[in-house]
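Novice: I'd like to go over a predicted model; first the sequence, then the structure.
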Amino acid sequence: MKHKFACFIGMILVCAVTMAQASICPLLPVPRQYRETGKAFAMGKVKLSTPVLKSEWEAFIVNAGGKIADRASLEVSVEIVPTIDEARINADEAYRLSVSHKGIKVEATTERGAYWALQTLRQLEKKTGGRSSFAGCEIVDWPAFRIRGFMQDVGRSYISIEELKREIEILSRFKINVFHWHLTENQAWRLESKIFPMLNDSANITRMPGKYYTLAEARELVDFCKKHQVMLIPEIDMPGHSAAFIRTFRHDMQRPEGMKILKLLIEEVCETFDVPYLHIGTDEVEFTNPDFVPQMVAFVRSKGKKVISWNPGWHYQPGEIDMTHLWSYRGKAQPGIPAIDSKFHYLNHFDTFADIVALYNSRIYNQAEGSDDIAGTILALWHDRLIDNERDIILENGFYPNMLAIAERAWRGGGTEYFDGNGTMLPAEDSKEFKEFADFEKRMLWHKEHTFQGYPFAYVKQTNVKWNITDAFPNGGDLSKAFPPEQELKDVYQYEGNRYGVRQAIGAGIYLRHVWGTLVPGFYADPKENHTAYAYTWVYSPKEQEVGLWAEFQNYSRSEMDLAPLPGKWDYKGSRIWINDEEIMPPVWTATHRVKSNETPLGNENCVVRPPLPVHLNKGWNKVFLKLPIGAFRMDETRLVKWMFTTVFVTLDGEKAVEGLIYSPEKQR
């Protein structure tokens, strides 16, 4: 026991040193063990020795300005070894990397580990002219969780193969290793069928008719994923979410006729996809045939595939399924059945700034690292609401920032809570948790500028954005009612015999009450309906200037058919914003419909997909004041009411934060 405790303390110290040293370079994820040596390597004429990924290493050397020769004093060496001793788990993805004056040496137990070492090297690279140098270091690295992935719901909204490849390729640079392809839905069956071509007929597709993937494209994407060490998991959802199947065949999947057809389709799918797993759904459906799921699992297994199923969904005992995929807060891992955690990982509900804090700090299934039973996590994008262009899908879901957050968390493990401690709130600036998130944010923004040039990446620094927020005043259901902060800013207010204080919060986006209520904490520990809060700060500008404003008070989920605000209103709650006592009016909303429909596309409701509002900042201190009323937590116009705000100044093109600004409620420079 004493030896184990000493090892545990040693591991903590290594991680602490790693975090401190990783700020020297923008490594993301931060390696498990990192030691800087100061002996940098300058690429030049090198000898290459590798038994794996030869073409990838050759391209890497040439792109770094090097030249490969049979005889050279410098060497890039890759060796497949039996073990990496330090890697206690997931050793098949582990690697050891040494960069010195003489060259680069990689040791890995598999081709995959060598590939991850190559991705780390790409982040260490510093280009000067046509040649590159690499920071001298010793790294030993391995992942905490074996599944680190993302899901695209193309059953509802088709996404081009080119876009999917773009996402897979760049995320593999950050050691994301799973792409979950949700191919079928009520709206469409997006995978070509040669035996039942009527499935893909436009008459049987209710959204984006004519849009589906050929079997050749599916095979091509499998090969593309393998090249980037990403496992593709196709999903054919059954027996629910299958209206497209029923429209085509006039049979429910659970009926004998439907099962015969479905088995033929599964056979076609299994022949197409050279992958280990097939995901069969089984969520959100009434089971009318008790033999359906067991028969389908057995049939898929007979075709050489392992089977994944949503939980909650069908109930399995160990041995009856190969992996479960947890989706609701009610989902529970079962001993003896590996589980993927997606319970609070639905990006379609995330806002731009607050939810990433909770995501980065969260433990995966509340575990510090993976095990036989806890495989990892997948971030999911569900497109119930139509978004009619791919760029907006990426922006509105904060796709790349959130994927980088989970890339680090799933690789390193750890975390401070399971979305249930500070939740979406950044803790105090002097806390370890704040410093770690700020360090991650710094590295992420470096990659936004350097790695993600040309990609839709809607995030700016928020760890410097500070607010004072009042206790909430009871408004009795009158959302326009005024309270003392509208007359004078104070630290304490007396109102109708009660005391109302002020507390600080940090971030460009703040939930007063989270979309999932108190399951995920926001600013108020016990938020109440029919209350009004106020938030304010002062923003120092080094010069008089026109800037852009990102502001919103209801981040619109991509899974809801919510109505856009009424003309001239920010939301249905009565939220308002003033800058230097001049009220800032909302944009002209592009959606004017009054009948809810998932088929009416989201327009400019979310601030990251519209041009920032142009506003004027004076030289010196500028007052920013928000009124934040709430009525009921449920309303007809927006099903998931988010009592929240997003406010931050960006460049007029929305690409960066405005430089030189200081956000301080106390006017402290």
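Specialist: Yep, that arrived. Numbers count the residues shown, from 1 in each chain.

Novice: I'd like the distance from stretch 248-255 to the chain centre, please.
Specialist: Its chain's C-alpha centre and that of stretch 248-255 lie 35 Å apart, by Cα atoms, centre = their mean, to the nearest Å.

Novice: what does that stretch rub up against?
Specialist: With contacts defined as Cβ atoms under 8 Å, 6 or more residues apart in numbering, stretch 248-255 is touched by 189, 196, 198-199, 201, 204, 238-239, 242, 245-246, 257-259, 261-262, 287-289, 292. Bear in mind the C-beta positions are built from the backbone N, C-alpha and C, glycine included.

Novice: just the buried residues from those residues, in ChimeraX please.
Specialist: Buried residues within the contacts of stretch 248-255, by 16 or more other Cβ atoms under 10 Å, are selected in ChimeraX with:
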select :189,196,199,204,238,239,242,245,246,258,259,261,262,292
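
Novice: which ones among the contacts of stretch 248-255 are found in strands?
Specialist: Within these, residues falling in strands by DSSP state E are M238.

Novice: for the stretch 351-500 of the chain, give me the ranges with low pLDDT.
Specialist: Within the stretch 351-500 of the chain, the set of residues satisfying pLDDT under 70 is empty.

Novice: where along the stretch 51-200 of the chain do the strands fall?
Specialist: 67-68, 74-80, 95-100, 103-108, 125-128, 131-134, 137-141, 147-153, 178-182 (DSSP state E, counting those that start in this stretch).

Novice: now tabulate those strands in a markdown table and tack on mean pLDDT and distance to I233.
Specialist: As requested, the strands of the stretch 51-200 of the chain are arranged in a markdown table below (pLDDT from 0 to 100; distance: least, Cβ to Cβ, whole Å):
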| stretch | mean pLDDT | distance to I233 |
| --- | --- | --- |
| strand 67-68 | 97 | 36 |
| strand 74-80 | 98 | 26 |
| strand 95-100 | 98 | 24 |
| strand 103-108 | 98 | 24 |
| strand 125-128 | 92 | 31 |
| strand 131-134 | 94 | 34 |
| strand 137-141 | 98 | 24 |
| strand 147-153 | 98 | 8 |
| strand 178-182 | 98 | 5 |
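
Novice: make a markdown table out of those and add distance to A458 and mean neighbour count.
Specialist: Converted to a markdown table, the strands of the stretch 51-200 of the chain look like this (distance: least, Cβ to Cβ, whole Å; neighbours: other Cβ atoms under 10 Å):
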| stretch | distance to A458 | mean neighbour count |
| --- | --- | --- |
| strand 67-68 | 40 | 12 |
| strand 74-80 | 37 | 17 |
| strand 95-100 | 33 | 22 |
| strand 103-108 | 35 | 23 |
| strand 125-128 | 26 | 13 |
| strand 131-134 | 30 | 18 |
| strand 137-141 | 30 | 22 |
| strand 147-153 | 17 | 25 |
| strand 178-182 | 22 | 25 |
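
Novice: which of these sits closest to L628?
Specialist: Taking Cβ to Cβ, strand 147-153 is the member of the strands of the stretch 51-200 of the chain nearest to L628, at 32.1 Å.

Novice: now the residue most central in space within the chain: which helix or strand?
Specialist: Nearest to the mean C-alpha position of the chain, counting by Cα atoms, centre = their mean, stands N402 at 2.9 Å. In this structure, N402 sits in helix 399-412 according to DSSP states H and E.

Novice: residues of stretch 413-422 that come out buried?
Specialist: Under 16+ other Cβ under 10 Å, the buried positions of stretch 413-422 are 413-416, 418-419, 422.

Novice: columns distance to L359 on top of these, output as CSV?
Specialist: Converted to CSV, the buried residues of stretch 413-422 look like this (distance: Cβ to Cβ, whole Å):
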residue, distance to L359
G413, 14
G414, 13
G415, 10
T416, 12
Y418, 11
F419, 8
N422, 12
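
Novice: rebuild these as a markdown table, extending it with secondary structure and distance to G574.
Specialist: Formatted as a markdown table, the buried residues of stretch 413-422 follow (DSSP: H, G, I helix; E, B strand; the rest coil; distance: Cβ to Cβ, whole Å):
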| residue | secondary structure | distance to G574 |
| --- | --- | --- |
| G413 | coil | 43 |
| G414 | coil | 41 |
| G415 | coil | 37 |
| T416 | coil | 35 |
| Y418 | coil | 34 |
| F419 | coil | 29 |
| N422 | coil | 28 |
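
Novice: can I get stretch 624-637 in PDB, CA atoms only?
Specialist: Output in PDB follows, covering the C-alpha atoms of stretch 624-637 (Å, rounded to 0.1, in the frame of the first residue of the first chain):
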ATOM      1  CA  VAL A 624     -21.600  47.600 -19.900                       C
ATOM      2  CA  PHE A 625     -24.900  47.000 -18.100                       C
ATOM      3  CA  LEU A 626     -27.300  44.000 -18.600                       C
ATOM      4  CA  LYS A 627     -30.900  43.500 -17.400                       C
ATOM      5  CA  LEU A 628     -31.700  39.800 -17.100                       C
ATOM      6  CA  PRO A 629     -35.300  39.000 -16.200                       C
ATOM      7  CA  ILE A 630     -36.800  35.500 -16.100                       C
ATOM      8  CA  GLY A 631     -40.400  34.400 -16.000                       C
ATOM      9  CA  ALA A 632     -41.300  30.800 -16.200                       C
ATOM     10  CA  PHE A 633     -38.600  28.200 -16.900                       C
ATOM     11  CA  ARG A 634     -40.800  26.700 -19.500                       C
ATOM     12  CA  MET A 635     -42.600  28.800 -22.200                       C
ATOM     13  CA  ASP A 636     -44.300  28.100 -25.500                       C
ATOM     14  CA  GLU A 637     -41.800  30.000 -27.700                       C
END
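
Novice: give me the contacts around that stretch.
Specialist: Contacts for stretch 624-637 (Cβ under 8 Å, 6+ apart): 472, 475, 477, 479-481, 486, 512-513, 517, 527, 529-539, 553, 562-563, 572-579, 581, 641, 643, 645, 647.

Novice: buried ones from the residues you listed, can you make that a PyMOL selection?
Specialist: Of the contacts of stretch 624-637, the buried ones go into a single PyMOL selection, burial set by 16+ other Cβ under 10 Å:
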select buried, resi 472+475+479+512+513+527+530+531+532+533+534+535+536+537+538+539+553+562+563+572+573+574+575+576+577+579+641+643+645+647
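
Novice: any weak-confidence spans in the stretch 201-350 of the chain?
Specialist: Of all residues in the stretch 201-350 of the chain, none has pLDDT under 70.

Novice: show me the helices in it, by range?
Specialist: For the stretch 201-350 of the chain, the helices defined by DSSP state H, counting those that start in this stretch occupy 215-227, 243-249, 256-272, 292-302.
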